[in-house]
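Asks: Model the following, please.
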Amino acid sequence: MAKCTFEHVLKIFHSSITPVLPENFIRKAINYNLATEQLKIFSYNYPLKNKNLYVVGAGKAVKNMALEVEKIFGTKIKSGIISIPVGSKNIDTSKTLLTYLEGAKNNLPDKEAEYASIQIKTLVTSLTENDFLLVLISGGGSALLPLPKKPITLEEKTKLTKKLAYAGADIKELNTVRKRISDMKGGQLARQAQPAQVATLILSDIVNDPLDLIASGPTVENEDPITAALDVIHKYNLYDELPVSIRQVLETDEDSPTFPHNKVHNYIIGSNKLSIESAKLQAKNLGYISLELSHTITGNVKHVAKEYLNMTTLFCDFMNKKIDFQSLKTGLDTINLPVTYDNAVQLDALNFNEGICLILGGETTVEVHGSGIGGRNQQLALEFSLLLHNNKCNLDADVFFLSAGTDGIDGPTDAAGAIAYINLVTDAKQQNLDVGTYLKNNDSYTFYKQFKNRELHVITGHTNTNVMDIHLILIKKQ
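Replies: Numbers count the residues shown, from 1 in each chain. Below is the predicted model:
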């Protein structure tokens, strides 16, 4: 039973990746007429006759975006530079029109990514009125475009970002600071490309698809107040730890990057919603009642795990006829997460024989207090496992949970995420593994690497896409 269910949650997760492969989005978003040299992005037309086409990009998904762009435009492309994660190149560069540069190992800014940023800046600052710049952006773009403002060094910038993340800063707060201390983010790439026409194709990895936050918005005007970054730093009591260079930049009044709005256009071409829709269909095909509850989950993993337990308890009670359908709906309204139940779906406890699959998406955060290795998805799975163990007497059902990133990377590890289940803590004790100790040390990766011969680690490798995380809660009658 358990092995079959592990296979099911993995199959549902894998199905969520295929529809958000970037090459599929590119073909839907753009159309290029070779004869007339007319480019159409969704409903907007760009005449490229007598214009030079350049392409730049950064992110975990942009390699395949760029390869598809090369197929579409061919030799119309003058040149371009694409910044991609270490280990994702594996292409025959002799047959490509663009230059692909690897960097940001383990999704962390490094000298290689800084070099790629410098090359991109050199290219875009040379453009003229006769040039058209196509920009490709996806999640991971911040680490792959890490060029700091002078006199800040990359090491100083990276240390501050890490301290904020460890303190629990969310993605909006992190990007607010990144934009202020970076030389490519917050609209600065687009400003540097003027007077060329700029169009950006964006694969969203952030809840609600905020253009200015995805990869820290390199082609989106920064509308943050001048003090916003300092406010975030003060919130987490990090001001006294700032080096002189960062204080100098943050305390210098300067105009935000601006550019003519008719010269810069940004397009969202894909997001987490499509992943969830595909997962929902796969779960249904496997025989489960399948419910899409949210694509906007955020918050600390400890909080999210507790609310997922409350939600799981409600569905277990309904399946076991302890509460009626109206009580289930009322209970879901008390869940302190952005969960929406589709009122069009009338559930009947009698139909739960094969089980139910609850599908959610988003991006959580972790407060790091230990020195272990892990990521938000593995930490969430382990947190949820401990809660399931402590409350199993109230559930009266078999519960399985998967949390994984669609990019195939969870923190500085080779795992996308991990699977939890109701008896995980009990089974771990038989291997002399104490879940609480691993959680306290933020060492979820090490736990899953040792537990059950790594059977519950979700390993995909680089998926070449990135639309946040998928969370699956699968409940079966005992």
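Asks: list the helices and strands whichever helix or strand Ser15 is part of packs on?
Replies: Per DSSP states H and E, Ser15 falls inside helix 2-17. Contact here means 3 or more CB pairs under 8 Å, 6 or more residues apart in numbering; DSSP states H and E; on that basis helix 2-17 packs against helix 272-285, strand 398-405, strand 417-421, strand 469-476. Using the backbone N, CA and C atoms, a C-beta is placed for each residue, glycine as well.
Asks: do you know how far Thr298 is from Ile206?
Replies: Going from Thr298 to Ile206 by CB to CB, to the nearest Å gives 9 Å.
Asks: got it, and Lys280?
Replies: In terms of CB to CB, Lys280 sits 21 Å off from Ile206.
Asks: of those two, who's got more company?
Replies: Ile206 (23 against 19; other CB atoms under 10 Å).
Asks: count of neighbours near Val9?
Replies: By other CB under 10 Å, the residues close to Val9 number 26.
Asks: Touching, it and Leu472? I think so.
Replies: Yes - between Val9 and Leu472 there is a contact under CB atoms under 8 Å: 5.2 Å.
Asks: tell me, what's touching those two both at once?
Replies: Jointly contacting Val9 and Leu472 under the rule CB atoms under 8 Å, 6 or more residues apart in numbering are Phe400, Phe401, Leu402.
Asks: Include pLDDT, distance to Lys157 and neighbour count when you put those into TSV, please.
Replies: As requested, those are arranged in TSV below (pLDDT from 0 to 100; distance: CB to CB, whole Å; neighbours: other CB atoms under 10 Å):
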residue	pLDDT	distance to Lys157	neighbour count
Phe400	97	40	23
Phe401	98	36	26
Leu402	98	34	26
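Asks: Mean neighbour count, the helices and strands packed on helix 2-17: which tops it?
Replies: strand 417-421 (a mean of 28; mean count of other CB atoms under 10 Å).
Asks: ok, Thr406 - contacts?
Replies: Taking CB under 8 Å, 6+ apart, one finds 16-17, 20, 272, 275, 416, 463, 465-470 in contact with Thr406.
Asks: Give me the distance between the closest residue to it other than its chain neighbours and Glu292.
Replies: Using CB to CB, 6 or more residues apart in numbering and skipping the chain neighbours, the partner closest in space to Thr406 is Val467 (5.0 Å). With distances taken as CB to CB, Val467 is found 15 Å from Glu292.
Asks: what do you get for Ile120?
Replies: In terms of CB to CB, Ile120 sits 38 Å off from Glu292.
Asks: With neighbour numbers in mind, choose between those two.
Replies: Ile120 (28 against 20).
Asks: Mind exporting the C-alpha coordinates of whatever helix or strand that one lives in to CSV?
Replies: Applying DSSP H and E as the criterion places Ile120 in helix 111-124. Coordinates of each C-alpha in helix 111-124 appear next as CSV, following Å, rounded to 0.1, in the frame of the first residue of the first chain:
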residue,chain,number,x,y,z
LYS,A,111,32.1,34.9,-9.6
GLU,A,112,30.9,32.9,-12.7
ALA,A,113,27.4,34.5,-12.5
GLU,A,114,28.9,37.9,-11.9
TYR,A,115,31.1,37.5,-15.0
ALA,A,116,28.0,36.6,-17.0
SER,A,117,26.2,39.7,-15.7
ILE,A,118,29.1,41.9,-16.7
GLN,A,119,29.0,40.4,-20.2
ILE,A,120,25.2,41.0,-20.4
LYS,A,121,25.7,44.6,-19.2
THR,A,122,28.4,45.2,-21.8
LEU,A,123,26.1,44.0,-24.6
VAL,A,124,23.0,45.9,-23.6
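Asks: Only the buried residues of it, if you could.
Replies: Across helix 111-124, burial judged by 16 or more other CB atoms under 10 Å covers Glu112, Ala113, Glu114, Ala116, Ser117, Ile120, Lys121, Leu123, Val124.
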